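Peer 1: I need the structure of the sequence given here:
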Amino acid sequence: MKIRHAVPSSLVALLVVLSASCASDRGAYVRLNQVGYESGFPMRAYLMAAGSQPGAAFDIRNSRGVTSYSASVGSKLGSWGDYTVYALDFILSAADTYTISVTGPSATTSPSFTVGRADQLYSAALANALSFYQNQRDGAGYIPSSLRSAPAHLNDQMAKVYNTPEFGGREGSRIKGDLSPTGAVIDASGGWWDAGDNLKFVGTHTTAVALMLIGVRDFPNQMGAGASASNFNREARFGLDWLQRMWDDNSRTLYYQVGIGSWNWHYENDHSIWRLPQEDDTYRGKDPRYRYIRNRPIFIAAPAGGKISPNLAGRLAGDFALCFMVYRASNHGYANQCLVAAEHVLELADTAPTGDLLTAAPHDFYPETDWRDDMEFGATELYFATRAGDLPSGLPHADPRFYLEAAANWAYAYIHSPEDTLNLSYMDHLAQFELWRAIGLSGNPNGLAVSQADLQNDMRVKLESAVAQAHKDPFGSGYLAGRGEYTFQAARVSAMASEYDYMTQSTRFAANSRKWLANLVGANAWGSAFIVGDGSTFPHCLHHQVANLVGSHDGRPPILAGAMVGGPNGELESGTPRGAPPCPSHGAFAFSKFDGNGLHYKDSVQSYSTVEPATDYTSSSLLMFAWRAAGAPSNTISVVSGRGQVSIK
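Peer 2: Residues are numbered from 1 along each chain as shown. Predicted coordinates:
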């Protein structure tokens, strides 16, 4: 296997970044949506300039060099670091490739960009996202690619189970003592690595699987059988198979994590070694310091039949219920198994939790705070499943009304919880949109704790808050990015805007949906897409072991296409175990001069806070792209809304 990290490649990387994202060295830059603009809608790019721009104008030329649009540079949108940001507003209808040229005090030229139909624009992005998950596969079911040449962690097939360790130390993330085995051994093979490491979490899997299955169900031409290059059917099933291994339905036991990433004096952990995953099964022979690298621990969520943290229980139950809906026609036995497990999981949810929710060991890897939206999601998907008919025998609850009422109760609790306005998970709006559809499907019955109007109003408040934030940001970002999760939240609010407009049969937030998507893929201060392979400028130096050791460092294949990274952050956190090839090797950071307004972005293998990809980050892009490409869900559910029948049978 050839490891590419030579100096010439990194020099090429610097030139590519400077030429594509900077366009000139005269203090002016054009920032735009590098995936492309939807034909016929109002479009916006941005001019960043180091000084005032009196009399500046711009023209847009097509692939033949013919001018298609000309105008004066628009209004000042605000300041960003050392730059002033101006609007470049235009509209184009003809599908083609274009370039923006700015004339005036600071002349500059943009990267080329595409205008086209929405269904065509986003197809490659969805195909890239699918390839990301395929390259993240663990176990014997890996898919050979230019990045993957061998299976990994086959020892997980006979993995020892341990109790959740106690943590301490200055940051509360050092494991105290050795691990405590329960005596059980399970098959924890398969699944996806969580991020740039080799850990696997039920928490992140449940989010990714939910969004894949809803995409397969609602957007078959974008994510299902009608999408030749981005059919997520098999990948969703791969994720479900691993979740089925982590849930023992016979003993009612949930296991929630594979591997450890926390420091201890007496043994190495996943985060202390930089290597390819296929090395782990035999790493350092019998050296006891590496025992948990070779034979990874599995952590148990609760004793058999014990209560389960409600965030995990809600999402896992929802995934299994969706499994029943998606696969009941093609694999009835498997679908029935999923539905039985879904009901059993939800029954064990601890709906009066104390202390931290169970997410990962340690908790600060994924510090979730709310769980009511997860319970709402699980109950709603069980409503859809139980009303579908042809149910397996022995279900605790076969009456769909039971789950509809439960979902409405959890929605009411969520809307009125103190965490509601702070909760930033993907499940918040997805659960509400799904319940809105369920209430319509049931004929808007009386007596529920919430109505369709209540759900719409709560979503509207969140979107209005995002719009208010966007008005304060020169690039129209709807999320206060200094809190982290810039990319995840941009995708979240973009999809939420599409859902709300569908619910209300309006276009109130359509422009925002497009704008927030654009923030992810180039229309930002750094002029970079934060999804690998989407656009002309994207991260080259991922904090990801396979991408760093096997992939290119200059944006040319092989790359971990589709991987969404964390993006700009209020704090630059960094660190990499010894053995990581430096990237960029030249030591310069082309994006640092664009840092501003409290945000920083660094494309460096050491910068895990900005360029580490993750399964849950990436999953948030799926429905964002699918909604924009399709415009509306396909004919999967028939809903009655307050505005009449909405035909999505």
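
Peer 1: quick check: which ranges of the stretch 101-250 of the chain have low pLDDT?
Peer 2: For the stretch 101-250 of the chain, the stretches with pLDDT under 70 are 171.

Peer 1: all strands of it, in order?
Peer 2: 108-109, 113-116, 159-162, 167-168, 174-175, 181-186, 200-201, 247-248 (DSSP state E, counting those that start in this stretch).

Peer 1: most packed of those strands?
Peer 2: Highest mean neighbour count of these: strand 200-201, a mean of 28 (counted as mean count of other Cβ atoms under 10 Å). The C-beta positions use only the backbone N, C-alpha and C, and glycine is treated the same way.

Peer 1: partner strands of that one, parallel or antiparallel?
Peer 2: Its sheet considered, strand 200-201 pairs with strand 253-258 (antiparallel) by DSSP bridges.

Peer 1: among the strands of the stretch 101-250 of the chain, which comes closest to S607?
Peer 2: strand 200-201 (21.9 Å; Cβ to Cβ).

Peer 1: gap between the closest one and the chain center?
Peer 2: In this view, strand 200-201 has its centroid 15 Å away from the chain centroid, taken as Cα atoms, centre = their mean, to the nearest Å.

Peer 1: same check, this time on stretch 37-53
Peer 2: 27 Å.

Peer 1: stretch 372-387 too?
Peer 2: That offset, for stretch 372-387, works out to 21 Å (Cα atoms, centre = their mean).

Peer 1: could you do stretch 611-623 as well?
Peer 2: Distance, centroid of stretch 611-623 to centroid of chain: 2 Å (Cα atoms, centre = their mean).

Peer 1: the residue lying closest to D280 once chain neighbours are set aside: neighbour count?
Peer 2: Of all residues not flanking D280 in the chain, I293 sits nearest, at 5.4 Å (Cβ to Cβ, 6 or more residues apart in numbering). Neighbours of I293 under the rule other Cβ atoms under 10 Å: 26.

Peer 1: surely I293 touches H271?
Peer 2: No: using Cβ atoms under 8 Å, I293 is not in contact with H271; the gap is 10.8 Å.

Peer 1: part of a helix, is the residue nearest to D280?
Peer 2: Yes: assessed with DSSP: H, G, I helix; E, B strand; the rest coil, I293 lies in a helix.

Peer 1: that one: what's it in contact with?
Peer 2: Going by Cβ atoms under 8 Å, 6 or more residues apart in numbering, I293 touches E268, N269, D270, I273, D280, Y283, R284.

Peer 1: again, 6 Å this time
Peer 2: E268, D280, Y283 (Cβ atoms under 6 Å, 6 or more residues apart in numbering).

Peer 1: now do the SS call for the first one.
Peer 2: Secondary structure, three-state DSSP: E268 is coil.

Peer 1: residues in contact with it?
Peer 2: R289, Y290, I293.

Peer 1: the second one belongs to a helix, doesn't it?
Peer 2: Meaning Y290. Yes: per three-state DSSP, Y290 lies within a helix segment.

Peer 1: pick the one among the contacts of I293 closest to F530.
Peer 2: Distances from F530 to these, taken by Cβ to Cβ, are shortest for D280, at 29.0 Å.

Peer 1: I'd like the next helix or strand past the longest helix along the chain.
Peer 2: Using DSSP state H, we find that the single longest helix of the chain is helix 452-472. Next along the chain after helix 452-472, taking DSSP states H and E as the criterion, comes helix 486-504.

Peer 1: hmm, who's touching that next one?
Peer 2: 426, 429, 433, 436, 456, 459, 463, 466, 478-479, 507, 509-510, 512-513, 516-517, 519-520, 530, 564, 567-568, 617, 620-621, 623-624, 627, 632.

Peer 1: let's see which of the residues you listed end up in helices.
Peer 2: 429, 433, 436, 456, 459, 463, 466, 510, 512-513, 516-517, 519-520, 617, 620-621, 623-624, 627.

Peer 1: select only the buried ones of those residues in PyMOL?
Peer 2: Buried residues within the ones in helices among the contacts of helix 486-504, by 16 or more other Cβ atoms under 10 Å, are selected in PyMOL with:
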select buried, resi 429+433+436+456+459+463+466+510+512+513+516+517+519+520+617+620+621+623+624+627
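
Peer 1: so which helix or strand of this protein has the lowest pLDDT on average?
Peer 2: Within the chain, confidence by mean pLDDT, DSSP states H and E is lowest for helix 7-17 among all helices and strands, at a mean of 34.

Peer 1: tell me the first helix or strand C-terminal of that helix.
Peer 2: Heading C-terminal from helix 7-17 (DSSP H and E), you reach strand 28-31.

Peer 1: on that earlier part again, out of the strands of the stretch 101-250 of the chain, which is closest to G259?
Peer 2: That would be strand 200-201 among these, by Cβ to Cβ, at 6.7 Å.

Peer 1: who's in contact with that closest one?
Peer 2: By Cβ under 6 Å, 6+ apart, strand 200-201 touches G191, D194, Q257, V258, A360.

Peer 1: any idea how far G555 is from the second one?
Peer 2: Just to be clear, that refers to D194. Distance, D194 to G555, by Cβ to Cβ, to the nearest Å: 24 Å.

Peer 1: ok, the first one next?
Peer 2: For G191, the distance to G555 under the criterion Cβ to Cβ works out to 29 Å.

Peer 1: run through this structure and note the low-pLDDT ranges.
Peer 2: Along the chain, the model assigns pLDDT under 70 to residues 1-26, 171, 419-424, 482-483, 587-588, 635-649.

Peer 1: swap the cut-off to 80 and go again
Peer 2: Counting by pLDDT under 80, the chain contains low-confidence ranges at 1-26, 169-173, 418-425, 480-484, 585-589, 635-649.

Peer 1: let's have the strands of the stretch 101-250 of the chain in JSON lines, adding distance to G598.
Peer 2: Below are those laid out as JSON lines (distance: least, Cβ to Cβ, whole Å):
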{"stretch": "strand 108-109", "distance to G598": "26"}
{"stretch": "strand 113-116", "distance to G598": "28"}
{"stretch": "strand 159-162", "distance to G598": "41"}
{"stretch": "strand 167-168", "distance to G598": "30"}
{"stretch": "strand 174-175", "distance to G598": "30"}
{"stretch": "strand 181-186", "distance to G598": "45"}
{"stretch": "strand 200-201", "distance to G598": "30"}
{"stretch": "strand 247-248", "distance to G598": "42"}
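
Peer 1: contacts only, for L382.
Peer 2: A321, A342, Y403.
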